[in-house]
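Q: coordinates for the following, if possible.
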Amino acid sequence: MTQTNQTPETRGWHVARSILSILVGSLLLCFFSALQKLLVGFPLQLQGFLVPVLFGGTTGWIIHQFVSRQTQIVQQVHQAQLDAALSESEERYRAIAEDMPVLICRFLPGSEITYVNNAYCRYFDKTSEALVGSSFLSLIPEEDHETVMAGISALTVESPLKTYEHRVLTPDGETRWQCWTDRALFDDRGEIVAFQSIGEDITERKQAEIEKDKLETQLNQAQKMESIGILAGGIAHDLNNILFPIVGHTEMLLEDIPDDSPFQEGLKEIYTGSLRARDLVHQILAFSRQGTSDLKLMKMQPIIKEALKLIRSTIPTTISINQNLQSDCGAVKADPTQIHQIVMNLCTNAYHAMEENGGELKVTLKEIQLGEHELIIPDMKSGSYACLTIADTGLGMDKQLTEKIFEPFFTTKEIGKGTGMGLSVVYGIIKNMNGAINVYSEPGKGTKFHVYLPLAEAVKEYQATNVEAPIQGGIEHILLVDDEEAILTMEKQMLERLGYQVTSRTSSLEALEAFSASPDKFDMVITDMAMPNMPGDKLSVELSKICPDIPVLLCTGFSETMSEEKAASLGIKGLLLKPIIMKDLAHKIREVLDKNKEGK
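A: Sure, this is the predicted structure:
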């Protein structure tokens, strides 16, 4: 016998129906017995007619009422079962929605919230009662409202789903990112009655994407800077080779013509311009990281004046330049090229801040004393400092910007006007000089940069190093090597003017062959670094194998692969950066030769 599972309601209905059936049967028997007693006095024929009619009619009515009641009971039981199942289903799915980690929200077309789950309440730190009835737009930044409403308006019967991202506001004032999937709910006529939205926090992902984009931008920028640096180094090398003969021949012409010659002034201008071009090449090399930092005791005033002359020629007359450089400000130990770079960078930034409306660029230099409580950074020491201030009357910056300006690649300038490297380079230069830089700025009130460089302790040492020393020559025999014919000719003339005997070669291999044939003939070798077949450092090694004591002086247009330390490790006695002026060349030759003689 098959036994079916029955609910309590079904079992109750079967019991009730059985009891009702017994009652109806008993009632019919009683009615039939009463009817017979009632019709006892009637004729038998009439009884035979009335009993079936009355009994049948009454029975039919009773059965009809019984069936109707039975149908009502069945309908009530089924409805109760449906209501119970629906309630159970709603509770089950409500529990699932409440416990889900994603944010669930239902809202009306007018943005009024009608339902939120627990995750939604926890995320916004509000109760369900506080959220239901409010507008979900109050939780979104105002600038994102248009985007959100445009997305919702695009939902149709054909396209009831849409996924998009926007920002939300948390109770602590933080702006975070959410990814939402909205579904439109329709009535029988196809009209939207509500929206159901499911959201997930994607702030970390968005931050990772932003950081990735930032790193990619920085990498691209770094690659561009590296390419520019390589290009700048190559250009600087070529410029050095062009400038070297100009500088050298001009020096010799200035010596040859009398002081009252009408050509003196013109030659001096050529010489000054050539030296200025040489300094520009040094700046290019410093920019491309191919130059070496030559720290020496120096006064900053001439460098600052020279930089301001250059700035004056490149900025509009709507910007005035006011300079106040104290002549008694002491000497600092620095690289002149890098001081020039600092001034140029800071003045260029000031110019860009005043480009549209004009203004005043104010440059001051003074000597100050900083005590322990006045130091700018922890690494600074109390004492005397040269304070260079470069101020503008431009747009100014807020505190948030001033905290970022020294970061690499950070720039507020439009594309083509800045790389974001200028101030970070300035910061690095100043730090390497044991100095400090700070900035004060307010929106609409301009910007002031203060550069602090420690003053040299021995001013007398500075004065001694700046005494004009006479150019010294000699009678030694020099092997001169350079693949540029113009440079080789000019250098040979210059050395012969100083009294030296010169043998010149345009090839490293020919020079090595000449030296090998008679090494005792030569007292010194001067060679260019960039030579075909055999570069200057390799030639120096080969020469040392033949004669270990031979002093070698290496000349180079840029020091990408060569430094003083590396040159010394190869036995090279001196390193000079092209273009070389006669005074520096003469001094270096005597220094190397005399030290070599002392060593012997």
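
Q: for the rest of this, base every contact and every neighbour count on C-alpha atoms.
A: Fine.

Q: surely L395 touches S441?
A: No. The criterion here is Cα atoms under 8 Å, and L395 misses it with S441 at 9.1 Å.

Q: need the overlap of contacts for the two.
A: Residues touching both L395 and S441 (Cα atoms under 8 Å, 6 or more residues apart in numbering) are T447.

Q: dump stretch 311-319 to CSV, keeping only the CA atoms.
A: Presented in CSV, the C-alpha positions along stretch 311-319 are these (Å, rounded to 0.1, in the frame of the first residue of the first chain):
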residue,chain,number,x,y,z
ILE,A,311,66.0,84.9,-18.3
ARG,A,312,65.5,88.6,-19.2
SER,A,313,66.0,87.8,-22.9
THR,A,314,63.4,85.0,-22.9
ILE,A,315,60.5,86.5,-20.9
PRO,A,316,58.1,89.2,-21.9
THR,A,317,58.5,92.8,-20.8
THR,A,318,55.3,92.6,-18.8
ILE,A,319,57.3,90.8,-16.1
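
Q: mind listing residues that contact it?
A: Here stretch 311-319 has contacts from I321, M344, C347, T348, Y351, M354, E355, N357, G358, G359, E360, L361, using Cα under 8 Å, 6+ apart.

Q: among these, which lie within strands?
A: I321, G359, E360, L361 (DSSP state E).

Q: the residues you listed: which two are farthest apart?
A: Spanning the widest gap among the ones in strands among the contacts of stretch 311-319 are I321 and G359, at 8.9 Å by Cα to Cα.

Q: quick one: common contacting residues for these two?
A: In contact with both I321 and G359: no residue, using Cα under 8 Å, 6+ apart.

Q: which two in the contacts of stretch 311-319 are spaced the farthest apart?
A: M344 and N357 (20.6 Å).

Q: tell me which of these two has more neighbours.
A: Neighbour count, other Cα atoms under 10 Å: between M344 and N357, M344 has more, with 19 against 11.

Q: tell me how far the more buried one lies from A277.
A: Distance of M344 to A277, computed by Cα to Cα, to the nearest Å: 15 Å.

Q: same question, K521
A: In terms of Cα to Cα, K521 sits 38 Å off from A277.

Q: compare those two (neighbour count), which wins?
A: Set side by side, K521 and A277 show more neighbours around A277, with 16 against 13, by other Cα under 10 Å.

Q: so the more buried one is in which element?
A: Counting by DSSP states H and E, the element that carries A277 is helix 264-287.

Q: could I have the CA atoms of that helix written out in PDB?
A: This file holds the C-alpha atoms of helix 264-287, laid out as PDB (Å, rounded to 0.1, in the frame of the first residue of the first chain):
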ATOM      1  CA  GLN A 264      89.800  93.300 -30.100                       C
ATOM      2  CA  GLU A 265      86.200  94.000 -29.000                       C
ATOM      3  CA  GLY A 266      84.700  91.700 -31.600                       C
ATOM      4  CA  LEU A 267      87.000  88.900 -30.700                       C
ATOM      5  CA  LYS A 268      86.200  89.300 -27.000                       C
ATOM      6  CA  GLU A 269      82.500  89.100 -27.800                       C
ATOM      7  CA  ILE A 270      83.100  85.900 -29.800                       C
ATOM      8  CA  TYR A 271      85.200  84.500 -26.900                       C
ATOM      9  CA  THR A 272      82.500  85.400 -24.300                       C
ATOM     10  CA  GLY A 273      79.800  84.000 -26.500                       C
ATOM     11  CA  SER A 274      81.700  80.800 -27.000                       C
ATOM     12  CA  LEU A 275      82.300  80.400 -23.200                       C
ATOM     13  CA  ARG A 276      78.600  81.000 -22.600                       C
ATOM     14  CA  ALA A 277      77.800  78.300 -25.200                       C
ATOM     15  CA  ARG A 278      80.300  76.000 -23.400                       C
ATOM     16  CA  ASP A 279      78.400  76.600 -20.100                       C
ATOM     17  CA  LEU A 280      75.100  75.800 -21.900                       C
ATOM     18  CA  VAL A 281      76.600  72.500 -23.000                       C
ATOM     19  CA  HIS A 282      77.600  71.800 -19.400                       C
ATOM     20  CA  GLN A 283      73.900  72.400 -18.500                       C
ATOM     21  CA  ILE A 284      72.800  70.000 -21.100                       C
ATOM     22  CA  LEU A 285      75.200  67.400 -19.800                       C
ATOM     23  CA  ALA A 286      74.000  68.000 -16.300                       C
ATOM     24  CA  PHE A 287      70.400  67.600 -17.500                       C
END
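
Q: and S111, how many residues sit next to it?
A: Neighbours of S111 using other Cα under 10 Å come to 17.

Q: residues in contact with it?
A: S135, F136, L137.

Q: what does it show for phi and psi?
A: Dihedral pair for S111: phi 80, psi 0, per degrees, to the nearest 10.

Q: please report how far it lies from G266.
A: Separation of S111 from G266 (Cα to Cα): 82 Å.

Q: sec struct for E496, please.
A: For E496, the secondary structure call by DSSP: H, G, I helix; E, B strand; the rest coil comes out as helix.

Q: I figured it was touching V502, is that so?
A: Yes. Between E496 and V502 there is a contact at 6.8 Å, judged by Cα under 8 Å.

Q: the two: which has the busier surroundings?
A: The neighbour comparison of E496 against V502 (other Cα under 10 Å) goes to V502, with 20 against 16.

Q: kindly state the beta-bridge partners for the more buried one.
A: Under DSSP bridges, the beta-bridge partners of V502 are I478.

Q: strands of the stretch 501-600 of the chain, start to end?
A: Listed in chain order, the strands of the stretch 501-600 of the chain (DSSP state E, counting those that start in this stretch) span 501-505, 524-528, 552-556, 574-577.

Q: redo these as a markdown table? Include mean pLDDT and distance to Q75.
A: Formatted as a markdown table, the strands of the stretch 501-600 of the chain follow (pLDDT from 0 to 100; distance: least, Cα to Cα, whole Å):
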| stretch | mean pLDDT | distance to Q75 |
| --- | --- | --- |
| strand 501-505 | 94 | 119 |
| strand 524-528 | 93 | 110 |
| strand 552-556 | 89 | 106 |
| strand 574-577 | 83 | 107 |
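
Q: need the ones you listed in JSON lines with distance to L539, can you?
A: Formatted as JSON lines, the strands of the stretch 501-600 of the chain follow (distance: least, Cα to Cα, whole Å):
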{"stretch": "strand 501-505", "distance to L539": "13"}
{"stretch": "strand 524-528", "distance to L539": "8"}
{"stretch": "strand 552-556", "distance to L539": "10"}
{"stretch": "strand 574-577", "distance to L539": "14"}
